[in-house]
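Novice: could you work out the structure for the sequence below:
(chains A, B and C)
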Amino acid sequence: MIAEVKPTATATLTLDGVEVSFTEGETIYEVAERAGREVPTLCYDARLEAFGGCRLCVVEVDGMRAPVASCTTPATAGMVVKTTTDAIEKHRRTLLELVASENRENEVDELRGHASQELKSLLDRYEVRGGRFAGRQSGTSNSTDDNPFILRDYDLCISCYRCVRVCAEQEGDHAITMMNRGFEKQITTEFNGILKDSACTFCGQCVQTCPTGALGDRKAMRAESLPGEVEKTRTVCPYCGVGCSVDLLTKEDRLVGVQPAMDGPANEGALCIKGQFAFDFVQHEDRLKMPLVRDEDGELHETDWETALDRAADGFKKAAGEHGRHAVYGVASGRAPHEAAYTMQKFIRAGFGTHQIDNCSRA
Amino acid sequence: MATNQELIEQWWKEEAPLLPLLHAFHDRDGFISEEAIRAVADGLKIPVAEVFGTVTFYHHFARKAPGQAAPRVCTGPACKYLGAPELLKSLEGATPMACAGRCDDGVPVLQGHEVRVGRTADSLEKTPSPLPPPNPGNVEECVFAHIREPERNTMEGYRGYEALEKARGMSRANLLALITDSHLAGRGGAGFPTGKKWEMVEQAEGEPKSIVCNADEGEPGCFKDRAILDYDPHAVIEGMAIAAHATGATKGFIYLRYEYPETFQIVERAMAEAEELLGDGFKLYLRRGGGAYICGEEGSLLNSLEGKHPFPRNRPPFPVTHGYNDLPTVVNNVETLASVAPIVMKGAEWYRGLGLGEHAGTKLVSVSGDIQRPGNFEAPFGLPLLTLLNEWCGGAPEGRSIQAVTMAGVSGGFLAGDDLDVTLDEPSIRAKGAFLGAAGIMVFDDTRDMVEVAHCAMEFFAEESCGKCFPCRIGTQRLTERLNGAAGPADETKWREEVHDIGRTMMATSACGLGVAAPNITESLVKYFPEQVAASLKNGR
Amino acid sequence: MSNPLADMEKPDLIFCIGTNMTECHPVAATRIKRALKRGAQMVVADPRRIPLAEMAELYLPIRVGSDVALLLGMAHVIARERLVDREFIDARTKDGEAFLEHVQQFTPEWAAGITGLPPADIERAALLYGRADKAAIYYTLGITEHICGVDNVQSLCNLALLTGNLGREGTGINPMRGQNNIQGAGDCGAVPANYPGFQPVHDPANGDKFAKLYGREMDGEKGITKVTALNRCGEGIHAMLIDGENTVVSDPDRHHCEHALRALDHLVVIDIFRTETAEFADVVLPATAWGETDGVCTNTERRVQRLRAAVTPPGEAKPDWWIVSQIAQRMSIAGFEFESAKDVFNELCGLSPIYAGLDWDRIEHGEYNWPVPHKDHPGTPVLHEGEFKNGRGLFRVISYRDPAEVVDDEFPVWLTTGRRLQAYHTRTQTGRAAGIDYLLSEESLEIHPDDLADWGIPDGGWASLRSRRGAIKIRARASNMSPRGTVFCSFSFSDVPVNILTGSGYDPVTETAELKVCPVNISPFEE
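Specialist: Below you'll find the predicted structure:
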């Protein structure tokens, strides 16, 4: 890939006492992140327009009478920024205590979604153990939406609106909205109904950006009780030709879920219902496990590889022997990897010197 | 009755069509049905979910019968002590609403397009809003100078747009210099120099530019904009037209709060009268809000106008470059705009000279609550607060004394005791930790439970918090719970620590003025009335 | 695609024709939605009022199979209004004059008569496309699955050449590939006319090269297509090795297909399920599936990416390459001593000029779009920048042809087929994914509500659907997506084997079946 040519840095600012260069249009947060600062956020998703809701990313800027949200404030030349003063850290801890106080629980299984550990990690980092700021909890979990894909456990919602924004900005579906205002704010769909009756396409993007697990991947969550650690393997979605990068979630050799790869070059974190949720044909009980050969009774019977491969090879030899080398035809798959297609065509060309090979692109 | 299609045909090509279209359905059906939301979404090409979410944001948009027909009773801090709670109970199907801007004669009850006022169900009467009483000191006025003249709210009574004519005879540069020189500054509370704002819009790139009049007067205890628009709407329209001339704007919007339906009609009529004088170069639109305090915040107001979810906008960029439709826009308060024509006619020096001492100009102050003569007064900047309260307004009711007043409606928190000895100007009041802002002053006498008053104010902020930023959304809720005892520590030290921590973080990190200002209530409560706080905690509230 | 996926957010004008992208390539469609939000305009041509149509500035509900007429009419307007890019035509194309002369006769009024569109809309589409600084075309099988599929594609190329909308960011001719590695199958040479890397078999130099590499003489003539092969089963084709394709369900004219497979002496099927096709096999060999197999795939923008195994395959399932190699070894075919997918891929890179700069390790992060002709090459996200691969872009003089079958008194309704968001192909995969049934549990025929009423079929009732090749029973559903006189269903459900009906004709060049057009007769189903 040709590296994107970025305009050269034109200005500098002072970040925690160090001079850092930046490009016009960058926000303080982006500059800080590039410089290795771990500025905490909860409403931030790099793919979305900066929102400025959680206020955890506030920093001190000389000359400003109050801290500013670094995610929405453009960097300007000569700015003097402090990302972690005692006062700022105190505010962040207070904000996290407030957020922690509005939820039923703040610890969920990582299978709920890609970003589901964000809140918990910040609570750990700031050693917020809860208890302060007790009061009513916000958000009401939706118990009527029995769709098999997306858990809507809004008791855990912190109104960061990442789900609403990803649905609108990234997916363009506008299925999710926010109802009411203030502490009564509730994430919902049109007319406060269920997802199936809305514009939702079940792409799962809302689930994957949710920082608390209020939205959960119901299919992956089926494996919460299975033993073992969750492991991730990067691969490419098996459906259409867009080639979205995904991470396969496994637990002790069991494929339990899929998450989009945020740095996937083709999809940049996006997925659709098939890529997100239609993975369990793998390890399905209907899978072929043994070679089959048709016996004299006319039925297919399980056998060992030696027998099956010999039968396969003999048949081709016989056909070519009786009807000539053009009598053998190969159909490669548009679904299998290169190695399948390459060996298929090589089998025909090296085996018979013909080009009696095609793939399934014509249907 | 108009069909869905007819309503959409009427509005979809108009400027800022969502609010008027929602109102059209609301007025037609008495509420906004699911079918109406679908029709609006389809007609304006806005996703259904988004229209739905936006409708639920506004307090007054009903989604089922009896909807608009049911009475809504003001339960603001002033009306609360005028019998609002009892009135609410006695009216069938009535629901509460936030301060509806009739604190000077309360209690307003809004039903359909009509406001009636009274203290009991039997005494409710449709009366015009009170005229500002003349000030006793015969102090020279600017905005109110002519407001008491009969028929002033008609073009005939207003006697034409003389100032506009004069302004149009001036170059933009000279006009801008005049306004700058007058030291006129934003009278909505933020106090940004008006001349500078106009100049920034004039110089900003992008067209068409707009002048937005912020008439979403929602601050409890503030009712000055209502008085201006009821009795002198042409002053505002003329001010907008002058602003348009100064900046090159070609569009103007008056964003009026939902709770002033009679004012809407008055302004609508005045606009029709003004159309010819304004000419083709400046088109004016009147838009009615749906009941949301936050829409008085300029970013929310602009989002609301544009038909978006009315969250405040992140700043920068500011409206002067990215306002209505992301184009350069002046957003000015009613009072600011009403000051413009007199300044153009009488000059910058005259206006500056209206203030006392080094202060320039005047400020409208709405006084209400436990006070002998409530009402709107135009005070010179620098007037001692106690002069206003005791001499202009007659002091506390017979046999009582003033315990505390609120500042800036409720946003400035309380002033009490020796701190009442301030003058009406920002430096003096800010030195006490409060601010003048839009200058709503509610008076509470010595019989009032200040913790209860504080709770009423905080509950207002919690209900009006838009929900965008964490500190305000959660903070206003937690402070409310700590004031009414629903949650929080019983131990006074711990209680104070929590309230202070929440307040400090809200002030430092909230995304807009609502969350920054709300803790002024708790901070000043603790400062002036620690023993009332302690007692209330002891009594287990 | 001539341009990368990321480019989809950059055009000023997007022309989508024959692509139901929000359902078939949903993630690509998100980029179009973002382009629209940014202010781009879109023209959508499709017989059905698909979701994209609702987002379009201009929607053209063309009659099925009339694309060439629309595109000729648009070219006529572009030429007439002098919106042609003279500089581009002179510098980079060939036969432009002949084409410009050719299109003079195809007025919008003429095109209107065939497409059923108002002439003014054809004008407007042409002006929108012709006036845009950056105009990009996107299409899928709605363009190619016709007897005139090649003509359709060429007509789109003509438009792009005429206006210089090629070889630049945010422009191009962009077919969206429907299967994860269908591009890769072509890259690897699994086609009758090309060796790996699209090296034509008719070029003797390539023949010599591969004769050396593969250790035997090579035919100088290309092979036959799968479609022809199925036609010749038992008469020239006697043995077949099918890898991972459910031919019986996905191919047109199912009865013909079943008959063909039965006529073979020897059929070996490699698959992950015992598919309908496997039932005709002599030998069925269990392959490892996605998620169990290391390998490589190429997406629609020619991006070469790695697939990785995460779990152990079930039972004795083996990778396809291993299975094919084992058969080859048993037939004493040389060169199948592969020990890993990496071995196979690296061999491919060594003999494919478009992969010459790649190897297994270099594609770890998927940064490369082919061609990558050497190790220092950054890859080619945008094709035809500066120059065309074959020198000049060729205009083709094309005329409109009717579909193989047109509606008549006996078969008065157009049937067109496609996919749905929640199902994929023959549902061997999505049909086995938990939860999909919640959203899509059965197939149904989408019919305009007025047609439904005229034909006396209740909404949700059973209908009998007949073509010249067969009949099926299908549930009927009222849908405003279908125009009057045109019905739609997908081919995903095996209990609604719509491909019993299809197969009226094939493109003479590619032999792609005309799956998008099939005249049918519809009546209430009677037991």
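
Novice: and the nearest residue to B:P85 once chain neighbours are set aside, backbone torsions?
Specialist: In this structure, B:P85 finds its nearest non-sequential neighbour in B:T75, 6.9 Å apart by C-beta to C-beta, 6 or more residues apart in numbering or on different chains. C-betas here are computed from N, CA, C, even on glycine. Backbone geometry at B:T75, expressed as degrees, to the nearest 10, gives phi -120, psi 30.

Novice: pretty sure B:T75 is touching B:E86, no?
Specialist: No - between B:T75 and B:E86 there is no contact under C-beta atoms under 8 Å: 11.0 Å.

Novice: and these two? Which one has more around it.
Specialist: B:T75 (21 against 14; other C-beta atoms under 10 Å in any protein chain shown).

Novice: any figure for the gap between the more buried one and chain A?
Specialist: 17 Å (C-beta to the nearest C-beta, to the nearest Å).

Novice: who are the neighbours in contact with that residue?
Specialist: B:84-85, B:88, B:96-98 (C-beta atoms under 8 Å, 6 or more residues apart in numbering or on different chains).

Novice: okay, and which of the residues you listed map to strands?
Specialist: Residues of these located in strands (DSSP state E): B:96-97.

Novice: in ChimeraX, select just the buried ones from the contacts of B:T75.
Specialist: Restricted to buried positions by 16 or more other C-beta atoms under 10 Å in any protein chain shown, the ChimeraX selection for the contacts of B:T75 reads:
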select /B:84,88,96,97,98
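
Novice: tell me the one of the contacts of B:T75 nearest chain C?
Specialist: B:A98 (35.3 Å; C-beta to the nearest C-beta).

Novice: per-residue pLDDT of that closest one, please?
Specialist: As predicted, B:A98 sits at a pLDDT of 97.

Novice: find the nearest non-adjacent residue to it, please.
Specialist: Per C-beta to C-beta, 6+ apart, closest to B:A98 is B:F460, 5.8 Å.

Novice: wait, C:F88 touches C:G164, no?
Specialist: Yes - C:F88 is in contact with C:G164 according to C-beta under 8 Å; the separation is 3.3 Å.

Novice: and chain B, what are its domain boundaries?
Specialist: Structurally, chain B divides into domains by automatic domain parsing as follows: B:4-57, B:70-117, B:155-351, B:354-445, B:450-538.

Novice: out of those, which is closest to C:G315?
Specialist: domain B:4-57 (46.9 Å; C-beta to C-beta).

Novice: quick one: is the closest one near chain C?
Specialist: No - using C-beta under 8 Å from any C-beta of the partner chain, we find that domain B:4-57 stays clear of chain C, coming within 9.4 Å at best.

Novice: endpoints of that domain, how far apart?
Specialist: Domain B:4-57 has its terminal residues 22 Å apart, counting by C-alpha to C-alpha, to the nearest Å.

Novice: pLDDT wise, what is the residue nearest to B:P85 at?
Specialist: The model's pLDDT for B:T75 equals 96.

Novice: burial of C:P378, as a residue count?
Specialist: Under the neighbour criterion other C-beta under 10 Å, C:P378 is assigned a count of 13.

Novice: and for the one 4 residues further on?
Specialist: When neighbours are defined as other C-beta under 10 Å, C:V382 has 21 of them.

Novice: what's around the closest residue to it other than its chain neighbours, how many residues?
Specialist: Distances taken as C-beta to C-beta, 6+ apart place C:N3 nearest to C:V382, at 5.3 Å, with adjacent residues excluded. Other residues lying near C:N3 total 28 when counted by other C-beta under 10 Å.

Novice: just the pLDDT at C:H425, thanks.
Specialist: The predicted local confidence for C:H425 is 77.

Novice: distance of it from chain A?
Specialist: 8 Å.

Novice: what of B:V55?
Specialist: Taking C-beta to the nearest C-beta, one finds B:V55 at 9 Å from chain A.

Novice: now check the lowest-mean-pLDDT helix or strand in chain C, is it near chain A?
Specialist: Lowest on mean pLDDT, DSSP states H and E among the helices and strands of chain C sits helix C:247-250, with a mean of 81. Yes - residues of helix C:247-250 contacting chain A under C-beta under 8 Å from any C-beta: C:247, C:250.

Novice: mind listing what the residue most central in space within chain B touches?
Specialist: By C-alpha atoms, centre = their mean, chain B has its centre lying nearest to B:E217, at 1.8 Å. Neighbouring residues of B:E217 by C-beta under 8 Å, 6+ apart: B:101, B:223-226, B:257, B:260, B:296, B:334, B:438.

Novice: and the pLDDT for it?
Specialist: 96.

Novice: what is the neighbour count of the closest residue in space to it that isn't next to it in sequence?
Specialist: Leaving aside its sequence neighbours, B:E217 sits nearest to B:D225 (C-beta to C-beta, 6+ apart; 4.1 Å). Neighbours of B:D225 under the rule other C-beta under 10 Å: 33.

Novice: in what helix or strand does B:D225 lie?
Specialist: helix B:224-231 (DSSP states H and E).

Novice: can I get that helix in PDB, CA atoms only?
Specialist: Backbone C-alpha positions of helix B:224-231 (Å, rounded to 0.1, in the frame of the first residue of the first chain) are rendered in PDB as follows:
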ATOM      1  CA  LYS B 224     -37.600  40.100  30.600                       C
ATOM      2  CA  ASP B 225     -37.500  38.800  27.000                       C
ATOM      3  CA  ARG B 226     -41.200  38.100  27.300                       C
ATOM      4  CA  ALA B 227     -41.900  41.700  28.300                       C
ATOM      5  CA  ILE B 228     -39.900  43.100  25.400                       C
ATOM      6  CA  LEU B 229     -41.500  40.800  22.800                       C
ATOM      7  CA  ASP B 230     -45.000  41.400  24.200                       C
ATOM      8  CA  TYR B 231     -44.800  45.100  24.300                       C
END
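
Novice: now it, how far from the centre of its chain.
Specialist: 11 Å (C-alpha atoms, centre = their mean, to the nearest Å).

Novice: all strands of chain B, in order?
Specialist: Going by DSSP E, chain B shows strands at B:72-74, B:95-97, B:108-111, B:114-117, B:210-215, B:251-256, B:283-288, B:329-333, B:362-369, B:375-380, B:402-406, B:414-416, B:440-445.

Novice: next, format these as a markdown table and append distance to B:E497.
Specialist: Putting those into a markdown table (distance: least, C-beta to C-beta, whole Å) gives the following:
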| stretch | distance to B:E497 |
| --- | --- |
| strand B:72-74 | 35 |
| strand B:95-97 | 32 |
| strand B:108-111 | 40 |
| strand B:114-117 | 43 |
| strand B:210-215 | 38 |
| strand B:251-256 | 41 |
| strand B:283-288 | 44 |
| strand B:329-333 | 38 |
| strand B:362-369 | 31 |
| strand B:375-380 | 39 |
| strand B:402-406 | 24 |
| strand B:414-416 | 21 |
| strand B:440-445 | 26 |
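
Novice: need those in CSV (columns: distance to chain C).
Specialist: Shown next, in CSV, are the strands of chain B (distance: least, C-beta to the nearest C-beta, whole Å):
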stretch, distance to chain C
strand B:72-74, 38
strand B:95-97, 37
strand B:108-111, 39
strand B:114-117, 42
strand B:210-215, 20
strand B:251-256, 21
strand B:283-288, 25
strand B:329-333, 20
strand B:362-369, 43
strand B:375-380, 46
strand B:402-406, 44
strand B:414-416, 47
strand B:440-445, 41
